[in-house]
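Asks: structure here, sequence nowhere to be found:
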């Protein structure tokens, strides 16, 4: 076997190459910034859409348990990410962690996987943003010309999803100008959407009917577990915090705080919203109602004659989806950048902007591809594609924690996963179980993508 396949880079070499190579990014992010980035990536389509659809079709009111299961799987992985992020405070996330522990071939596979995860997730979110934005415009009796409202469909007369393209281009400009500016914009969006979530909780709480929670698991326990695999997509994002490790002011302290705090806050909000939504409506009865499935939170408020509140929540949903898109488009270029800096992808694209100190070339390339696909390709089943890619990354990181403890027990660990090997092993088992719960076609597409990556490598 080629010795390069299992070649690793030591922690000291990874950090030293960055600090002495002239391609280091600017450290500007605090623990609060990192926490808000995590919330910005997690709270979005999941809480405003997926909660209702998964409850109606998979779990019923038991969707609360689905979120607990998915949250535990993410929690195990989050602790592993936090240990690595504090030890290796540079860009690359799971790709860099795999390079330090498992070898170049595993690093390449996980990097290639993450490129798919964030790119496909960004495309999906951009199209979702366009739909919500047009719904807000329609509320003011403003309607875009049909030809620019969606991807090409001769029967419908549509040619391009122009709003999806424009939001990606706008975020691209923001990301090139600076991560600090991007973090400030994200903070505003997070504030708006958290206010919208809190608003739904306050308005909806008094309309909860406990009778709607019975039967609690109409599809049985298997439905709850299937729901957990589906709503896992709602948790994707906390790992994005680790991609900004190179831009954290005090990474050994702030990264674990940002990763773990954002996950805990979002899990609590998911559980409360899921409980209230399923208490307001007998959700299973709405599993064929497209108006409910497209915007379940707003629909529930409309059912209790709070149309004005539904409008407020829809505006919060737009802000929420905007921040998710921002963090995804921030994360993917940094993994691309790290792989290029290691010469596993063309070295010329790992350039840092001389003024803004951002990875501007990889950002422009990523956003151009995402904008083109979001604007011209109808997108479906991509939520599962994003989920399986993330789960694979979580499995690799959990294994890598155990491997590095064996190889480098003396290495400094500012944050250490508690419980020895127990939590990393539980992380592997939980994520593999959720992967197995996904459809066969999702696996076929995922393995096909990995095969393309191997050919390129």
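Replies: Looks like it arrived, so ask away. Note that the structure is predicted; figures quoted are calculated from it, not measured.
Asks: C-alpha from now on. contacts and neighbour counts both.
Replies: Fine.
Asks: I figured residue 101 hits residue 8, correct?
Replies: Yes - counting by CA atoms under 8 Å, residue 101 does reach residue 8; the two are 6.3 Å apart.
Asks: among those two, which residue is more densely surrounded?
Replies: residue 101 (27 against 21; other CA atoms under 10 Å).
Asks: look up how far residue 6 lies from the more buried one.
Replies: For residue 101, the distance to residue 6 (CA to CA, to the nearest Å) stands at 9 Å.
Asks: can you tell me how far residue 445 is from residue 117?
Replies: Taking CA to CA, one finds residue 445 at 12 Å from residue 117.
Asks: these two: which has the busier surroundings?
Replies: Ranked by neighbour count (other CA under 10 Å), residue 445 and residue 117 place residue 117 first, with 25 against 12.
Asks: isn't the more buried one up against residue 389?
Replies: Yes - judged on CA under 8 Å, residue 117 makes contact with residue 389 at a distance of 5.4 Å.
Asks: the helix or strand hosting residue 277: which residues count as buried?
Replies: Assessed by DSSP states H and E, residue 277 sits inside helix 251-280. For helix 251-280, burial by neighbour count (16 or more other CA atoms under 10 Å) applies to 251-263, 266-267, 269-280.
Asks: which stretches of the stretch 301-450 of the chain form strands?
Replies: Assigned by DSSP state E, counting those that start in this stretch, the stretch 301-450 of the chain shows no strands.
Asks: and the helix holding residue 277, what's its mean pLDDT?
Replies: Mean per-residue pLDDT for helix 251-280: 89.
Asks: could you measure from residue 159 over to residue 377?
Replies: 10 Å.
Asks: quick one, strands of the stretch 51-200 of the chain?
Replies: In the stretch 51-200 of the chain, no strands are found when defined by DSSP E, counting those that start in this stretch.
Asks: pretty sure residue 157 is touching residue 146, no?
Replies: Yes - using CA under 8 Å, residue 157 is in contact with residue 146, at 6.6 Å.
Asks: overlap in contacts of residue 159 and residue 377?
Replies: Contact criterion CA atoms under 8 Å, 6 or more residues apart in numbering; residues bridging residue 159 and residue 377 by contacting each: 151-152.
Asks: show me the shaky parts of the stretch 51-200 of the chain.
Replies: Counting by pLDDT under 70, the stretch 51-200 of the chain shows no low-confidence range.
Asks: in it, which spans are helices?
Replies: In the stretch 51-200 of the chain, the segments counted as helices under DSSP state H, counting those that start in this stretch are 51-54, 63-87, 94-101, 104-139, 162-177, 179-205.
Asks: just put these in a markdown table and tack on distance to residue 299.
Replies: Listed next are the helices of the stretch 51-200 of the chain as a markdown table, based on distance: least, CA to CA, whole Å:
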| stretch | distance to residue 299 |
| --- | --- |
| helix 51-54 | 10 |
| helix 63-87 | 18 |
| helix 94-101 | 38 |
| helix 104-139 | 13 |
| helix 162-177 | 24 |
| helix 179-205 | 11 |
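Asks: so which of those helices comes closest to residue 235?
Replies: Shortest distance between residue 235 and the helices of the stretch 51-200 of the chain, using CA to CA, is found for helix 63-87: 7.4 Å.
Asks: elements contacting the closest one?
Replies: helix 220-235, helix 240-243, helix 251-280, helix 382-407, helix 422-436 (3 or more CA pairs under 8 Å, 6 or more residues apart in numbering; DSSP states H and E).
Asks: could you check the angle it makes with helix 94-101?
Replies: Relative orientation of helix 63-87 versus helix 94-101 (axes from the mean of the first three to the mean of the last three CA atoms, to 10 degrees): 50 degrees.
Asks: and helix 63-87 with helix 422-436, angle?
Replies: 130 degrees.
Asks: centre of the chain versus helix 63-87, how much separation?
Replies: Chain-centre distance of helix 63-87: 13 Å, with CA atoms, centre = their mean, to the nearest Å.
Asks: now the angle from it to helix 220-235?
Replies: Relative orientation of helix 63-87 and helix 220-235, computed by the same axes, to 10 degrees: 40 degrees.
Asks: picking that back up, and residue 126, which of the helices and strands packed on helix 63-87 is closest to it?
Replies: Of all the helices and strands packed on helix 63-87, helix 382-407 sits nearest to residue 126, with 12.2 Å by CA to CA.
Asks: next one: the closest one to chain centre, how far?
Replies: Mean-position distance between helix 382-407 and its chain equals 14 Å (CA atoms, centre = their mean).
Asks: just stretch 156-169 next, same as before
Replies: In this view, stretch 156-169 has its centroid 22 Å away from the chain centroid, taken as CA atoms, centre = their mean.
Asks: try stretch 84-102
Replies: That offset, for stretch 84-102, works out to 18 Å (CA atoms, centre = their mean).
Asks: going by neighbour count, which residues of that stretch are buried?
Replies: Taking 16+ other CA under 10 Å as the criterion, stretch 84-102 shows 84-102 as buried.
Asks: try stretch 59-72
Replies: For stretch 59-72, burial by neighbour count (16+ other CA under 10 Å) applies to 59-72.
Asks: can you list the residues that contact stretch 258-276?
Replies: 31-36, 38-39, 42-43, 47, 51-52, 61, 63-64, 67-68, 71, 75, 78-79, 81-82, 197, 200-201, 204-205, 208, 235, 238-239, 241-242.
Asks: tally of neighbours for residue 4?
Replies: Residue 4: 10 neighbours (other CA under 10 Å).
Asks: pretty sure residue 89 contacts residue 249?
Replies: No - the criterion here is CA under 8 Å, and residue 89 misses it with residue 249 at 10.0 Å.
Asks: hang on, the earlier thing: can you say which of the contacts of stretch 258-276 are buried?
Replies: By 16+ other CA under 10 Å, the contacts of stretch 258-276 give 31-36, 38-39, 42-43, 47, 51-52, 61, 63-64, 67-68, 71, 75, 78-79, 81-82, 197, 200-201, 204-205, 208, 235, 238-239, 241-242 as buried.
Asks: returning to what we had before: to residue 230, which of the helices of the stretch 51-200 of the chain lies closest?
Replies: Nearest to residue 230, of all the helices of the stretch 51-200 of the chain, is helix 51-54, at 6.8 Å by CA to CA.
Asks: packing partners of the closest one?
Replies: Against helix 51-54 (3+ CA pairs under 8 Å, 6+ apart) you get helix 220-235, helix 251-280, helix 290-294, helix 296-303.
Asks: the nearest residue to residue 187 once chain neighbours are set aside: which element?
Replies: Nearest residue to residue 187, sequence neighbours excluded (CA to CA, 6 or more residues apart in numbering): residue 36, at 6.1 Å. Assigned by DSSP H and E, residue 36 belongs to helix 31-42.
Asks: how far away is the residue nearest to residue 187 from residue 331?
Replies: Residue 36 sits 14 Å away from residue 331 when distances are taken as CA to CA.
Asks: for residue 431, what are its contacts?
Replies: Contacts for residue 431 (CA under 8 Å, 6+ apart) come out as 73, 391-392, 394-395.
Asks: turn the residues you listed into JSON lines, including distance to residue 353.
Replies: JSON lines is the format used below for those (distance: CA to CA, whole Å):
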{"residue": "73", "distance to residue 353": "38"}
{"residue": "391", "distance to residue 353": "33"}
{"residue": "392", "distance to residue 353": "32"}
{"residue": "394", "distance to residue 353": "31"}
{"residue": "395", "distance to residue 353": "34"}
